[in-house]
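Undergrad: I would like to see how this sequence folds:
(one chain, ligands or ions: 2)
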Amino acid sequence: ALTDRLSGVFDRLSGRGVLSEKDIDEALREVRVALLEADVALPVVREFISKAKERATGEEVIRSIRPADQVVKIIYDGLVEMLGGEAAEGLNLALNPPTVILMAGLQGSGKTTTAGKLALKLAKDRKKVLLASLDTRRPAAMEQLAMLAKQAEVDSLPIVPGQSAPDIARRAMSAAKLQGFDVVILDTAGRTTIDEAMMSEAAEIAKIASPTETLLVADSLTGQDAVRTAKAFHERLPLTGLVLTRADGDGRGGAALSMRAVTGLPIKFLGVSEKIDGLDAFDARRVAGRILGQGDVVALVEKAAQDLDVARTEAMAKKLAKGQFDLDMLAEQFGQMKRMGGMEGLMGLLPGVQKVKKQMAEANVSDKTIDRQMAIISSMTKAERKKPDILQASRKRRIAAGAGVDVAEVNRLLKQHRQMADAFKMMSRDGGKGFARMAGMLG
Ligand code: GDP
Ligand code: MG
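TA: Residues are numbered from 1 along each chain as shown. Ligands and ions are numbered 1, 2, ... in the order given. Below is the predicted model of the structure:
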């Protein structure tokens, strides 16, 4: 597995302050192999590696976790981000029904199956759905869609032999309007390879139906071809999203990363079985884990992130025991609060800080205010963060401008920091008992 290989690279590394360029290069060589093995397209691999290098360079080495795990975490976060982040994007619905969903893609990619799956999902959401097959090439294709409509318990457009695809699209649109359908799903014919006739037909259909969603359906096992397919379709059709089928197969899902990177389009769903309910909302974390080639990578990186927090908390506890609390430490706290989704970080562990904690809660410390406060701190110089006493009016104005807030907010933050620093100083005077207790809890 990737982590094992990375451990080898990092075994020599210990006690050094930051990840060195050489270590990172060596580690990224392994990552590159992992990505290529997962069938991510070469240009996408290159781009990803150079971004990851930027991120990892100069990262502080956290002693209590293995550098290999730390790098895997950086890589994993980069993958999740490149796959579109953690929040899945669902279907867009038209303000004025009907919403039209156009299915595009190569033959055999799973368009018809996915059309049926989407119909079922929408029907469960109480939408009135019409499925229409525009596949005039394969005689069985229309029957296939009609069968799926039956399974999903939605309507399908009556089959009229001899009509062209654009004619069927027009008929579907008028049926939808006349009969008050909420959603029309247009299934198209595909070819085994991209050709001009297919592209111009798809473009004509898009013109007739002006779809709300034009989904490119692609087989997640296509590998290096994924990029070419995505590019060709994206050039000719106003695509709005991707669906990757056969995510239940043996593939490692590199196509997801390639297609997302090349088109910039959100991956909306993953096909996970042949059955009609086999459609999952896209989950970037799951796919990132799979690309890295190990089922437990998600658990691993979460553990690494936790260890990282614990290590930082321990380091901070040591400083606090000496009565030190500067603005860098406050920023670190804010970061932890955000990661932990609340006030449960160091604050929650310190018995003497209940009062400050309450004050902060009353001051309505939300993620948004935390972001602003972190922006204020990062607009300060290093010296200012260490010794906030040197902040007079002109410096405060500069910081406020840098953070895009007003001076009053800078003052509020400084006051809050002073109160916390005082509380910590008091606690360190009682012989550091509170801190000793906390260190025990963390140990
Ligand atoms: P189309 O030519 O693009 O319309 O492709 P079809 O929808 O007819 O699908 C082709 C084949 O792939 C069928 O046998 C489907 O059952 C199968 N298929 C589609 N999506 C998935 C999926 O997510 N997982 C699996 N295992 N099979 C799928
Ligand atoms: Mg089909």
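Undergrad: What about Phe181? Give its phi and psi, please.
TA: Backbone dihedrals for Phe181, given as degrees, to the nearest 10, come out at phi -80, psi 140.
Undergrad: Name whatever forms a beta bridge with the residue nearest to it when sequence neighbours are not counted.
TA: Across the structure, with CB to CB, 6 or more residues apart in numbering as the measure, the residue nearest Phe181 apart from its sequence neighbours is Leu130 (4.4 Å). For the C-beta atoms, the positions are set from N, CA and C on the backbone; glycine is no exception. For Leu130, the residues forming beta bridges with it (DSSP bridges) are Asp155, Val184.
Undergrad: from memory Leu130 sits against Gly180, does it?
TA: No: Leu130 lies out of contact with Gly180 (CB atoms under 8 Å); the separation is 10.0 Å.
Undergrad: These two - which one has more neighbours?
TA: Per other CB atoms under 10 Å, whichever of Leu130 and Gly180 has more neighbours is Leu130, with 23 against 9.
Undergrad: Tell me how many other residues crowd the closest residue to ligand 1 within the chain.
TA: When distances are taken as CB to the nearest ligand atom, the chain reaches nearest to ligand 1 at Gly271, 2.5 Å away. Using other CB under 10 Å, Gly271 is surrounded by 25 other residues.
Undergrad: in this protein, what spans have low per-residue confidence?
TA: Flagging of the chain using pLDDT under 70 yields the residue ranges 1-19, 58, 60-69, 293-309, 338-367, 430-443.
Undergrad: Where does it get nearest to ligand 2, which residue?
TA: As assessed by CB to the ion, ligand 2 sits closest to Thr112 within the chain, at 3.2 Å.
Undergrad: In contact with that residue: list those residues for me.
TA: Contact partners of Thr112, counting by CB atoms under 8 Å, 6 or more residues apart in numbering, are Met103, Ser133, Asp135, Ala141, Gln144, Leu145, Leu148, Asp187.
Undergrad: Assumed Leu221 was part of a helix.
TA: No: in this structure, Leu221 is coil, not part of a helix, as judged by DSSP: H, G, I helix; E, B strand; the rest coil.
Undergrad: My read is that it contacts Arg252, right?
TA: No: Leu221 is beyond contact range of Arg252, at 9.6 Å (criterion: CB under 8 Å).
Undergrad: on that earlier part again, could you dump the contacts of Thr112 into JSON lines with neighbour count and distance to Glu26 added?
TA: Written out in JSON lines, the entries for those read as follows (neighbours: other CB atoms under 10 Å; distance: CB to CB, whole Å):
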{"residue": "Met103", "neighbour count": "28", "distance to Glu26": "44"}
{"residue": "Ser133", "neighbour count": "29", "distance to Glu26": "53"}
{"residue": "Asp135", "neighbour count": "22", "distance to Glu26": "51"}
{"residue": "Ala141", "neighbour count": "20", "distance to Glu26": "51"}
{"residue": "Gln144", "neighbour count": "17", "distance to Glu26": "51"}
{"residue": "Leu145", "neighbour count": "26", "distance to Glu26": "52"}
{"residue": "Leu148", "neighbour count": "23", "distance to Glu26": "50"}
{"residue": "Asp187", "neighbour count": "28", "distance to Glu26": "49"}
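Undergrad: Can I get the residues you listed in TSV including distance to ligand 2 and secondary structure?
TA: Compiled in TSV, those are given as follows (distance: CB to the ion, whole Å; DSSP: H, G, I helix; E, B strand; the rest coil):
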residue	distance to ligand 2	secondary structure
Met103	8	strand
Ser133	8	strand
Asp135	5	coil
Ala141	5	helix
Gln144	7	helix
Leu145	7	helix
Leu148	10	helix
Asp187	6	strand
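Undergrad: quick one: which of these is nearest to Ala202?
TA: Taking CB to CB as the measure, Ala202 sits nearest to Met103 out of those, at 9.9 Å.
Undergrad: Which residue, other than its chain neighbours, is closest to the closest one?
TA: Spatial nearest neighbour of Met103, chain neighbours left out: Lys111 (4.3 Å); criterion: CB to CB, 6+ apart.
Undergrad: Got the phi and psi for the one you found?
TA: For Lys111, the backbone dihedrals are phi -60, psi -50 (criterion: degrees, to the nearest 10).
Undergrad: Enumerate every residue touching Ala189.
TA: Listed by CB under 8 Å, 6+ apart, the contact partners of Ala189 are Gln107, Leu134, Asp135, Thr136, Arg137, Arg138, Ala141, Ala165, Met198, Glu201.
Undergrad: Contacts for the helix or strand where Lys53 lies, please.
TA: Element membership of Lys53 [criterion: DSSP states H and E] is helix 42-56. The set of residues external to helix 42-56 that reach it, using CB under 8 Å, 6+ apart, is 19, 24-25, 27-28, 31-32, 35-36, 40, 71, 74-75, 77-79, 82, 224, 227, 257-258, 261-262.
Undergrad: Restrict these to the buried ones and give me that as a ChimeraX selection.
TA: Here is the ChimeraX command that selects only those of those that count as buried (16 or more other CB atoms under 10 Å):
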select :19,24,27,28,31,32,35,40,71,74,75,77,78,79,82,227,257,258,261,262
